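Q: okay, structure incoming, though there's no sequence with it:
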């Protein structure tokens, strides 16, 4: 099995009993969110393994075919974003493989959180909702639910806690798309949480504090 290359950060000297798989956005890398771990100010007792995978480098149509780290090609930058669905699903499977590996390493599926920012969030939606074992939660940051019209959630994650976090001034992924994700999830029977922040396409201090609270609640 070939896994996505990734950075791993553990929050305690004790063996990890929980994991967070965190997907970066278009053109970034696993290093993008690595510095956030200490900013979460998790309790010393929290033994969490943070996994920050690197997306493969592929040509991206909306950037003139320039090769960059991306979870899938984006054909159009209109409100629908028009992703390459086959590539998105392939990336979701690669992330599912990472979940499988964490389970093999001794982490219960119920103690694994999937998180994703922007393009990584679209993959996180697909991965978490369709994974065949119950997960701890899904964090969707400044992102959109690209597969809302085609996804078939797995019964194991029909009750998955979902927290959506978005910037009210986001010029890259408009807040409209965050709110649209809420509506789509509700139609599927979920009860997502939603918080907006006075920020653009980024992460702010208040959001980091909210992420910490979600992780502590889900992985208590």
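A: Thanks, I have it. What you see is a predicted model; the values in this text were computed from it and never measured. Residues are numbered from 1 along each chain as shown.
Q: residue 194 belongs to a helix?
A: No: inclusion of residue 194 in a helix is not indicated when DSSP: H, G, I helix; E, B strand; the rest coil is applied; the result is strand.
Q: beta partners for it?
A: residue 164 (DSSP bridges).
Q: what sits against it?
A: Residues counted as contacts of residue 194 (C-beta atoms under 8 Å, 6 or more residues apart in numbering) are 163-164, 166, 178-179, 182. Where you see a C-beta, it was placed from the backbone N, CA and C, and this is true even at glycine.
Q: please indicate which of the residues you listed are buried?
A: Those of the contacts of residue 194 that meet the buried threshold are 163-164, 166, 178, 182, by 16 or more other C-beta atoms under 10 Å.
Q: which residues of this structure fall in strands?
A: For the chain, strands defined by DSSP state E occupy the ranges 6-10, 18-23, 48-53, 57-60, 66-69, 112-117, 137-141, 162-167, 193-197.
Q: make CSV out of those strands and add mean pLDDT.
A: Compiled in CSV, the strands of the chain are given as follows (pLDDT from 0 to 100):
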stretch, mean pLDDT
strand 6-10, 97
strand 18-23, 98
strand 48-53, 98
strand 57-60, 96
strand 66-69, 96
strand 112-117, 98
strand 137-141, 98
strand 162-167, 98
strand 193-197, 98
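Q: all good on my end, thank you.
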